[in-house]
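Peer 1: The following comprises the amino acid sequence and a computationally predicted model.
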Amino acid sequence: MSVIGRHVSALRRAVRNEHGSIAVTMALTFSVVLISAGAAVDYERWLQAKQSTIAAIDAAVLAGGLALQLDSQNAAGAILAAQKTYAANIERRLTVMSDTVNFAVGTDNAAVTASGTAKISTTILNLFGITSLPLLSDSGMELARAEVTTGGPGGSNLEVAAMLDVTGSMCDDGAGPCTSGVKFNALKAATTKLVNIVVRPDQSVHTTKVAFVPFSTRVRVAPDGTGANLMKALTNLDSPLSYWYVDCPNATGGGGSETGLPWSCGVPVTAQATNWQVMPCVTERFINAGSVFDVTDDAPGPGKWLNGHDGTRWPVSQDSTTTPFTSGVGAVSSDPADQWNFSPNAGDCADIYAGSEIVPLTSDKSELTAHIGTLQAFGGTAGALATSWTWYMLSPNWSGIWTGSGAPAPYSDLTARNSDGAPKLRKVAIMETDGGFNVLHSWKGQSQQQISDYAISVCNAMKARGIEIYTVGFMLNTLPASEAAIARATLAACGSDVQHFYDSLTTNDLETAFNQIGVKLTGVRLTR
């Protein structure tokens with residue numbers, strides 16, 4: 001006879017004994033204590049298993065959500081990550097009699113959910129007909145859901161401008177031109193991964209827009225033979241143009257290396273240009289008679305025109321007013337033009353190849369990834385120019401230039417809050433380069449420190465407007481020590497803080513940096 005059976009028999013005998021009231025009380029008390037003790041044991045086992053199961057589910061859906069962050073198209077990979085994490089986290093759980101917990105990815109590829117049941121068998125309570133206890137309620141309220149959110153865990157709209165180094169040093173020969181190479185392929189792969197992480201499939205709740213600023217000696221704003229209207233809006237240069245200019249048919253030297261090559265004109269000849277197209281590329285904006293570098297995000301216009309291909313303010317004067325030059329305009333053969341902003345070759349740009357033009361803000365992932373494939377590397381490193389243009393792509397002051405879906409949202413959205421308390425909008429600049437900034441006015445081999453100081457001034461002005469800046473140095477350790485020191489100091493100063501600067505020494509480091517930035521610009525939120 002079992003222990004319980006003996007106590008029940010004793011209870012019955014005590015009840016039959018009319019003089020056994022004390023015995024009855026003792027038997028009842030002992031049985032209640034026994035049942036309570038058994039229930040306590042089973043309760044502890046149940047609670048332990050329940051907590052372990054819920055914690056494992058939470059960890060699993062978060063792991064699946066992180067996998068979706070890194071690759072929103074790989075639902076199977078996200079489910080596998082959740083399954084593996086769940087299995088690892090229940091290894092030390094008490095043995096259960098059943099577990100049907102499983103995981104799925106939502107149709108929008110933006111969430112990982114858990115479903116199913118789990119039960120644990122009882123020990124003492126089993127003697128009273130209670131054979132198992134459920135670890136998860138029928139309502140499923142303990143089952144977690146991990147949602148991938150834009151702009152961080154609280155969800156924010158996101159505008160990202162990525163400055164991409166497409167200079168000759170990105171090529172295997174260090175000069176270019178090239179469309180591939182160890183460093184250049186790594187940049188293309190890392191940028192593609194960043195786009196896939198940041199631009200979520202569902203844009204209905206929170207929007208994500210990304211802009212590209214490829215740069216070398218200049219910034220290209222349009223393909224060859226196009227962009228006349230945009231160049232007019234940026235520089236006030238009219239196209240096409242006919243004028244007299246100085247030709248150098250026997251010129252020697254030149255090239256697109258970081259420091260340039262000795263160049264000689266030979267015997268100059270005055271020639272006439274007929275209906276030449278504007279070169280669709282720009283250089284740094286300088287204002288005032290003292291040629292002061294502009295550190296604002298003011299829209300182009302009188303007094304604020306950008307420089308064209310050659311780095312001068314022709315055909316308006318050097319001080320950016322609307323007064324034309326009194327000489328050097330190329331109106332007659334005796335007065336050849338003092339500029340190099342037009343070309344007979346469909347308006348091609350020097351040192352910034354076709355396919356490397358800017359892309360205004362867009363949420364079209366196909367357009368972004370396709371453009372990455374067209375990038376070509378050549379030329380020097382106009383870092384201050386690129387930094388300014390990264391700001392221009394995010395600035396609402398440029399909404400007259402970038403229209404439609406490419407128009408940046410107002411700065412006021414950076415301080416407004418959504419229902420979850422997160423910022424309504426985050427504006428983010430990502431600055432990547434593999435070299436010291438050494439080009440100014442389209443001229444190579446200029447003072448790295450001066451150009452870096454210009455870039456830092458622009459960064460500080462951006463941060464003052466609430467723009468977050470990530471900086472990525474790529475293989476800066478391959479530079480001469482003095483150049484590397486200035487480059488690191490520049491990128492560290494430009495970043496929002498020390499955690500926003502990535503010193504990537506290898507191609508793997510570059511991919512890791514872009515992955516980490518992408519993860520920081522999105523989020524995984526656990527809900528039930």
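Peer 2: The structure has been received and is ready for your questions. What you see is a predicted model, and the numbers here were worked out from it, not measured in a lab. Numbers count the residues shown, from 1 in each chain.
Peer 1: What lies in contact with stretch 221-238?
Peer 2: Contacts of stretch 221-238 with the rest of the structure, by C-beta atoms under 8 Å, 6 or more residues apart in numbering, involve 239-240, 277-278, 280-282, 300, 305-308, 314-316, 341, 345-349, 354-355, 357-358, 400-401. C-beta coordinates here come from the backbone N, C-alpha and C atoms, glycine included.
Peer 1: same question but for stretch 58-68, I mixed them up
Peer 2: Residues from elsewhere that reach stretch 58-68, judged by C-beta under 8 Å, 6+ apart: 74-75, 77-86, 89, 103, 105, 109-114, 144-148, 519, 524, 526.
Peer 1: Just the buried residues of it, please?
Peer 2: Under the neighbour-count criterion of 16 or more other C-beta atoms under 10 Å, stretch 58-68 has Asp58, Ala59, Ala60, Val61, Leu62, Ala63, Gly64, Gly65, Leu66, Ala67, Leu68 buried.
Peer 1: got the CA coordinates for it in PDB?
Peer 2: Extracted C-alpha coordinates of stretch 58-68, given in PDB (Å, rounded to 0.1, in the frame of the first residue of the first chain):
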ATOM      1  CA  ASP A  58      12.300  35.400 -26.300                       C
ATOM      2  CA  ALA A  59      15.900  34.700 -27.100                       C
ATOM      3  CA  ALA A  60      14.900  32.600 -30.200                       C
ATOM      4  CA  VAL A  61      12.600  35.300 -31.800                       C
ATOM      5  CA  LEU A  62      15.200  38.000 -31.100                       C
ATOM      6  CA  ALA A  63      17.900  35.800 -32.800                       C
ATOM      7  CA  GLY A  64      15.500  35.400 -35.700                       C
ATOM      8  CA  GLY A  65      14.800  39.100 -35.800                       C
ATOM      9  CA  LEU A  66      18.500  39.900 -35.900                       C
ATOM     10  CA  ALA A  67      18.800  37.500 -38.800                       C
ATOM     11  CA  LEU A  68      16.100  39.400 -40.600                       C
END
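Peer 1: Report the distance from it to the chain centre.
Peer 2: Mean-position distance between stretch 58-68 and its chain equals 20 Å (C-alpha atoms, centre = their mean, to the nearest Å).
Peer 1: Which positions within stretch 152-165 qualify as buried?
Peer 2: So stretch 152-165, judged by 16+ other C-beta under 10 Å, has buried residues 152, 154-165.
Peer 1: Show me these that map onto strands.
Peer 2: Taking DSSP state E as the definition of strands, those contribute Asn157, Leu158, Glu159, Val160, Ala161, Ala162, Met163, Leu164, Asp165.
Peer 1: Surely the fourth one is in contact with Val198?
Peer 2: Yes: look at Val160 against Val198 with C-beta atoms under 8 Å: they come within range, at 6.1 Å.
Peer 1: Check the contact lists of these two and give me the overlap.
Peer 2: Applying C-beta under 8 Å, 6+ apart, one finds that Val160 and Val198 are jointly contacted by Thr208, Val210, Leu521.
Peer 1: show me the contacts for the residue nearest to the last one when sequence neighbours are not counted.
Peer 2: What that stands for is Leu521. Distance criterion C-beta to C-beta, 6 or more residues apart in numbering; nearest residue to Leu521, sequence neighbours excluded, is Val198 at 5.3 Å. Val198 makes contact with Thr150, Leu158, Val160, Thr208, Val210, Gly518, Leu521, Thr522, according to C-beta under 8 Å, 6+ apart.
Peer 1: Give me the buried entries from the residues you listed.
Peer 2: With neighbours counted by 16+ other C-beta under 10 Å, the contacts of Val198 contain buried members at Thr150, Leu158, Val160, Thr208, Val210, Gly518, Leu521, Thr522.
Peer 1: any chance of these in JSON lines, with secondary structure, pLDDT and distance to Phe437 too?
Peer 2: Formatted as JSON lines, these follow (DSSP: H, G, I helix; E, B strand; the rest coil; pLDDT from 0 to 100; distance: C-beta to C-beta, whole Å):
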{"residue": "Thr150", "secondary structure": "strand", "pLDDT": "82", "distance to Phe437": "32"}
{"residue": "Leu158", "secondary structure": "strand", "pLDDT": "96", "distance to Phe437": "27"}
{"residue": "Val160", "secondary structure": "strand", "pLDDT": "98", "distance to Phe437": "22"}
{"residue": "Thr208", "secondary structure": "strand", "pLDDT": "94", "distance to Phe437": "29"}
{"residue": "Val210", "secondary structure": "strand", "pLDDT": "98", "distance to Phe437": "23"}
{"residue": "Gly518", "secondary structure": "helix", "pLDDT": "93", "distance to Phe437": "25"}
{"residue": "Leu521", "secondary structure": "helix", "pLDDT": "92", "distance to Phe437": "25"}
{"residue": "Thr522", "secondary structure": "strand", "pLDDT": "90", "distance to Phe437": "30"}
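Peer 1: How is the chain partitioned into domains?
Peer 2: If you go by automatic domain parsing, the domain ranges for the chain are 3-148, 157-222+350-523.
Peer 1: State the mean pLDDT of the shortest one.
Peer 2: Put plainly, it is domain 3-148. The predicted model gives domain 3-148 an average pLDDT of 80.
Peer 1: And it, how far out from the chain middle?
Peer 2: Chain-centre distance of domain 3-148: 42 Å, with C-alpha atoms, centre = their mean.
Peer 1: re earlier: among the domains of the chain, show me which one is buried the most.
Peer 2: domain 157-222+350-523 (a mean of 20; mean count of other C-beta atoms under 10 Å).
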